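Asks: Pasting the sequence and the predicted model now:
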Amino acid sequence: MSAVAAPASKGVQANAPVTFRAIIDSRRAEDQRLGLDDAIAVIVPVCVDLKERHAKGESFYVHPSAIAKGPDGLYRLNPQLAVNPKDPRDRAALAPEVLRANGPGGARASVFAVGAMLYEAVCGSPVGPGMRRPRDVDPKLPEALEHLLAKALVADPSHRPDDLGALAAAMHHLAPMKSIPPPDADVSKLDRSDNFEVDIRLSIMPPERDSNIPMPPGSGDNLQIVMPQSGAAAASAAAQAAATQAMAIAAAKDPTRHLASLKARLEADPRPRYVVNKARMDHGPFNAVELLQQIASHKFVGGDTLRDELTGGAKTIDEWEEFAPFAQHARLHRDIAQEKKEVAKIEKAEKTSGRAKLFIGIIGAIALLAVGVLFVVKTVGSRKDSGELGDDPSAVDLSGGGALKGKKKPVGGGGGGGGGGGGYVGGMSYEAALASNNQEITMGAKSGPDLTDGQISGPMRGGGFLGACGTPDSMKVTVRVAIKNGRAVGVTVITNPSNAGVAGCIDGAVRRLSWPSSSKMDTFTTQY
C-alpha cells in the first residue's frame, strides 16, 4: 500500500478524491518534493491500471489531476477526472500527439504521461523547455531513473515505447521496497519491439551535460526531499532545510536572479528546437541561447508564435511560461527607450523654440536700434549738409545742374581726399554703419579704388581670435563688418548657440583689426 500521505484538507469536501496533483502541489507549497520511493509507490499501480484499461481499447487524458487514491490506498486513473485539463502543469504531462489532436490517447501517450508525472514528482517542476536532468536536481537520484525517463519522454510516438507493463516493472526495480510488485514483463520492450525502436535523441529530456560544464542553477535545487529522520540528524536537517528555504524565498523575490536561473536552465539544452513564426514566415530553428538573444534584440516580440519542433507545441511567446518573462523584460526596455526618445524630442522642440524666440528678440532689438540710429543720422546729417552746401563755394548743387553756389569758407582739419569716414562711432553695429553711410561726391574729383577681396578678408583670415575668446568647436559664428578708412566702423557678431560673452569678445577683437585705408565703405560677411 502506498505510504504517501494525503494533504490536509483546506475547504475540500470530505468525500472528494485525493489526486496525485494535490500531493505534488502540497509538497511544492512546502518547498519539498516527493522522494523516489514515494513517487514510485504511486506510479507503479497507475501503470498496471492503465495497461489493463488500454487493453480494453479505452483512451484517456492522463495527467496528475486524473490520478486519484482508491479505497485500498493505491493510486489509479479516475475516469471521471480524466478530462482535457486546463492547468498548465497538467497539460505539460500530456503527450505531444494528444495536444495536437486535442483528443485522448492510447498506451504510447500514457507512457509519456507516466514519465512526465514521475519527473514532476521527484524534480519539483513539470516537463517542458527549461527542464533539467533529474541528477542535476538531486545527484542522489539513480542514473537508471534518467535513462528510464529519457525513453518514456520521447516526443515522437513512433520512437516511444508503448508497453506499460514493462515500464511498471522497470520502475519497480528502482524502489522495490515501497511499491507493489507488478506482473512480470520484459523490460527490453522499452528499447525496441516489432513496431518501434526507441530513439532518446528525440526525448524532451535534455542531453547529458559535459562533466566540465558547471551545473546550471534552478528552482529545483531549493526543494527538499521528504525523508524520515530522528534525533540530532533530524534537527540538523531541519535547520539546513530552513536555511535553504529562506534562500529560495529570497531568490524568488529577486526578478534578476529568477531570470538568470531560468535562462541557465533553458540554455542547458543546446538542441535547435525552436521556430518562430513572424509575419507569416518561419525563422529558425534556434536553440535556447539563440532564441533568447533574438528576443533581447527585439527581433521577436511576445505576440509572435513560437513552435517547439521537438514536441510540436505552438503558441505565442507570451503564452510560453518559460519564455514570457524574457519577452516582458525586452518589452519594458523598449518602452523605456521610447519614453526617453519622446522626452528628448520634447526637450529639443522646447530648446529650438527658445532659440527662435531669442533670435527674433535680437533681430527686433537690432531693427529698432537701426531705425533709431537712421532717424538721428538723417536728421543731423540733413541739417549739416544743408549748412555746408549753403556756405561752401566748392559744393556741388546736384539739383541746380551742377552750378557752384554759396560763399567760400576755409576747410578745417585738412580734410580732402574725397571725404572721410567722419561721424562713425567705434561701437556701431554693422546695420547702423550701413544706415549712416553718407558719402560725399565731388564732380571731377578722383576717388580711390575699392579694396580687393583679399585686402578685405586678409585680417580676418584664420580667425585666431576665436580661440582667444574661448569659442567652442561646435559653435557657429557669423561676423558682419563695415570697413572705412582702414577700421571696422560697424560690427555685428551672431553666435549659435547664443553666447553674449563670446560674441562680445569677438566684436572687440574685430574692431581692433586694421585694413588698408580707403575712404569708401566696404562690407563683408564671414562665417566660422
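Replies: The structure has been received and is ready for your questions.
Asks: burial count for Thr478?
Replies: 14 (other Cβ atoms under 10 Å). C-betas here are computed from N, CA, C, even on glycine.
Asks: Can you list phi and psi of it for me?
Replies: With angles defined as degrees, to the nearest 10, Thr478 sits at phi -120, psi 130.
Asks: Next, the residue lying closest to it once chain neighbours are set aside: secondary structure please.
Replies: With sequence-adjacent residues excluded and distances taken as Cβ to Cβ, 6 or more residues apart in numbering, Thr478 is closest to Ile494, at 4.4 Å. Recorded secondary structure, Ile494: strand (DSSP: H, G, I helix; E, B strand; the rest coil).
Asks: ok, Ile494 - contacts?
Replies: Neighbouring residues of Ile494 by Cβ atoms under 8 Å, 6 or more residues apart in numbering: 362, 477-478, 503.
Asks: Show me the strands in the stretch 351-500 of the chain, by range?
Replies: 476-484, 487-496 (DSSP state E, counting those that start in this stretch).
Asks: quick one, the next helix or strand after the longest one and strand 476-484 angle?
Replies: Same thing as strand 487-496. Following strand 487-496 in sequence order, the next helix or strand is helix 500-511 (DSSP states H and E). On the basis of axes from the mean of the first three to the mean of the last three Cα atoms, to 10 degrees, helix 500-511 is oriented at 30 degrees to strand 476-484.
Asks: From the rest of the structure, what touches the helix or strand just after helix 500-511?
Replies: Counting by DSSP H and E, the next helix or strand C-terminal to helix 500-511 is strand 522-527. With contact meaning Cβ under 8 Å, 6+ apart, strand 522-527 is reached by 430, 434, 450-451, 456-457, 460, 476-484, 515.
Asks: So which bits of strand 522-527 are buried?
Replies: Asp522 (16 or more other Cβ atoms under 10 Å).
Asks: relative to helix 500-511, how tilted is that strand?
Replies: 140 degrees.
Asks: pLDDT averaged over strand 522-527 - what is it?
Replies: Mean pLDDT, computed over strand 522-527, is 87.
Asks: Pairing partners for it, with directions?
Replies: Strand pairing for strand 522-527, determined by DSSP bridges: strand 476-484 (antiparallel).
Asks: how far off strand 487-496 does the strand it pairs with point, in degrees?
Replies: Using the same axes, to 10 degrees: strand 476-484 against strand 487-496 is 170 degrees.
Asks: For strand 476-484, buried residues please.
Replies: 477, 479-484.
Asks: and those residues as JSON lines, adding pLDDT and distance to Ser193?
Replies: Output for the buried residues of strand 476-484, formatted as JSON lines (pLDDT from 0 to 100; distance: Cβ to Cβ, whole Å):
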{"residue": "Val477", "pLDDT": "92", "distance to Ser193": "90"}
{"residue": "Val479", "pLDDT": "92", "distance to Ser193": "95"}
{"residue": "Arg480", "pLDDT": "93", "distance to Ser193": "98"}
{"residue": "Val481", "pLDDT": "92", "distance to Ser193": "101"}
{"residue": "Ala482", "pLDDT": "91", "distance to Ser193": "105"}
{"residue": "Ile483", "pLDDT": "92", "distance to Ser193": "107"}
{"residue": "Lys484", "pLDDT": "89", "distance to Ser193": "112"}
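Asks: With distance to Pro104 as new columns, can those be given to me in TSV?
Replies: Shown next, in TSV, are the buried residues of strand 476-484 (distance: Cβ to Cβ, whole Å):
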residue	distance to Pro104
Val477	83
Val479	89
Arg480	90
Val481	94
Ala482	98
Ile483	100
Lys484	104
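Asks: Pro129 and Leu141: what is the separation?
Replies: 21 Å (Cβ to Cβ, to the nearest Å).
Asks: quick one, phi/psi of Thr305?
Replies: According to degrees, to the nearest 10, Thr305 has phi -90, psi 130.
Asks: So it sits against Ala314, correct?
Replies: Yes - assessed by Cβ atoms under 8 Å, Thr305 is found in contact with Ala314 at 5.9 Å.
Asks: Okay, now the unreliable bits of this protein?
Replies: 1-14, 209-254, 379-426, 439-449 (pLDDT under 70).
Asks: same thing but 50
Replies: Scanning the chain for pLDDT under 50 picks out 1, 9, 11-12, 218-231, 234, 237-238, 241, 383-425.
Asks: Using the record, which stretches count as separate domains in it?
Replies: Domain ranges of the chain: 20-251, 421-441+449-528, per automatic domain parsing.
Asks: Out of those, the one nearest Ala324 is which?
Replies: domain 20-251 (11.3 Å; Cβ to Cβ).
Asks: Which parts of the stretch 151-300 of the chain are helices?
Replies: 164-174, 231-253, 255-267, 288-296 (DSSP state H, counting those that start in this stretch).
Asks: Find the helix or strand that the residue nearest the centre of the chain is a member of.
Replies: When Cα atoms, centre = their mean is applied to the chain, the residue found nearest the centroid is His333 (3.5 Å). Following DSSP H and E, the helix or strand that holds His333 is helix 324-391.
Asks: who does that helix touch, helix- and strand-wise?
Replies: helix 255-267, helix 288-296, helix 430-435, strand 487-496 (3 or more Cβ pairs under 8 Å, 6 or more residues apart in numbering; DSSP states H and E).
Asks: any idea how far stretch 78-96 is from the chain center?
Replies: Here stretch 78-96 is found 36 Å from its chain centre; the criterion is Cα atoms, centre = their mean, to the nearest Å.
Asks: got the CA positions of that stretch in CSV?
Replies: The C-alpha coordinates for stretch 78-96 follow below in CSV (Å, rounded to 0.1, in the frame of the first residue of the first chain):
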residue,chain,number,x,y,z
ASN,A,78,-10.2,8.0,-12.2
PRO,A,79,-12.2,8.1,-15.5
GLN,A,80,-14.4,10.9,-14.2
LEU,A,81,-11.3,13.1,-13.7
ALA,A,82,-9.6,12.1,-16.9
VAL,A,83,-10.7,15.1,-18.9
ASN,A,84,-8.8,17.6,-21.1
PRO,A,85,-7.1,19.7,-18.4
LYS,A,86,-6.8,23.4,-18.1
ASP,A,87,-4.0,23.6,-15.5
PRO,A,88,-0.7,24.3,-17.4
ARG,A,89,1.1,21.8,-15.2
ASP,A,90,-1.4,19.1,-16.1
ARG,A,91,-1.2,19.9,-19.8
ALA,A,92,2.6,19.6,-19.6
ALA,A,93,2.1,15.9,-18.8
LEU,A,94,0.0,15.2,-22.0
ALA,A,95,1.9,13.6,-24.9
PRO,A,96,2.6,15.9,-27.9
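Asks: From what I see, Ala433 and Val489 are in contact.
Replies: Yes - counting by Cβ under 8 Å, Val489 is a contact partner of Ala433 at 5.0 Å.
Asks: mind checking the end-to-end distance for stretch 275-285?
Replies: One end of stretch 275-285 sits 5 Å from the other (Cα to Cα, to the nearest Å).
Asks: who touches it?
Replies: 272-274, 286, 291, 294, 300, 304-307, 309, 314, 317.
Asks: Now Asn78: closest residue in space, sequence neighbours ignored.
Replies: The nearest residue in space to Asn78 (Cβ to Cβ, 6+ apart) is Ala68, at 4.0 Å.
Asks: so that neighbour bridges to which residues?
Replies: Thr19, Arg76.
Asks: Just confirm it contacts Val18, I think it does.
Replies: Yes - counting by Cβ under 8 Å, Val18 is a contact partner of Ala68 at 6.4 Å.
Asks: Give me the common contacts of those two.
Replies: If you check Ala68 and Val18 against Cβ under 8 Å, 6+ apart, no residue is contacted by both.
Asks: all strands for the stretch 101-250 of the chain, in order.
Replies: 192-193, 196-197, 224-225.
Asks: Quick one: residues contacting the residue nearest to Asn78.
Replies: 17-20, 75-78, 81.
Asks: Could you check how far it is from Asn102?
Replies: 24 Å.
Asks: before we move on, what about Ser158?
Replies: Taking Cβ to Cβ, one finds Ser158 at 20 Å from Asn102.
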